[in-house]
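**Q** please find the sequence and the predicted model below.
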Amino acid sequence: MDTKFFRIVIAVTVLSVLQSCPEIKEECNDTGNVTRINDLVKITPLKKIYTLGDIITYTAYLPALVNFDGNLVNIYNKTLDSNARLHANPIFFLGNQTTYIKGSQEDANGWTNVTYNSSNQMYELEVKIKLNKLGTYSIISGEYFEVIGKDICNRYRIDSKIEGTDANGKIEFTVQ
């Protein structure tokens, strides 16, 4: 009797847990929405040695018309996202004075907003960076842009790198 009662309690518990699980939906397969366009990010002037207080310009220009596996997609028209997100190494921004000319800083989430310009159909970022931090900067370039629409599974990713990286994807310079 105790064994039968125990089995009924277990069965009822398992059934109630299964009924409370949310509906399992198919995950997005967005592998066709990822591509690589090198050298979308630039540092000018790019030198091996800077003097404390020098100003560099950090720019990123992402065209709205992007080739994804042979399909040209206007990522702005598809997503209506007016601010692409640039995920980049923060070493340039931390401890240095930054002035955003185009785009904006996103404090909490670890990216920079790259603003869409409808007149040239480009997402644009331009930041003046006053080098206030002494030392060697060693950066592995692995920047990527995300453009995200409101609909589910409406996301595009464009991998890039900083123009002028070495064969290992690295940029090094010193501020003295």
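**A** It's in.

**Q** got the contact list for the most centrally placed residue in the chain?
**A** For the chain, the residue sitting closest to the mean C-alpha position, by C-alpha atoms, centre = their mean, is His87 at 3.2 Å. Contacts for His87 (C-beta atoms under 8 Å, 6 or more residues apart in numbering) come out as Gly110, Trp111, Glu143, Tyr144, Phe145, Glu146. For glycine as for every other residue, the C-beta is placed from the backbone atoms N, C-alpha and C.

**Q** how near is it to Asn77?
**A** 23 Å (C-beta to C-beta, to the nearest Å).

**Q** can you count the residues close to the residue lying closest to Glu143 once chain neighbours are set aside?
**A** Of all residues not flanking Glu143 in the chain, Ala88 sits nearest, at 4.5 Å (C-beta to C-beta, 6 or more residues apart in numbering). A total of 23 residues lie near Ala88 under the criterion other C-beta atoms under 10 Å.

**Q** can you tell me how far Ala88 is from Asn71?
**A** Distance of Ala88 to Asn71, computed by C-beta to C-beta: 26 Å.

**Q** do a quick rundown of the helices in this structure.
**A** Secondary structure of the chain (DSSP state H): helices located at 2-20, 75-79.

**Q** among these, which gets the worst mean confidence?
**A** Least confident of the helices of the chain, judged by mean pLDDT, is helix 2-20 with a mean of 54.

**Q** check whether Val34 really touches Arg157, as I assumed.
**A** Yes: in this structure, Val34 is within contact of Arg157 by C-beta atoms under 8 Å, at 4.6 Å.

**Q** of these two, who's got more company?
**A** Neighbours around Val34 and Arg157, counted as other C-beta under 10 Å, are more numerous at Arg157. The numbers are 18 against 14.

**Q** returning to that earlier point: show the pLDDT at the residue nearest to the centre of the chain.
**A** Value for His87, per-residue pLDDT: 94.

**Q** beta partners for it?
**A** Beta-bridge pairing for His87 (DSSP bridges): Tyr144.
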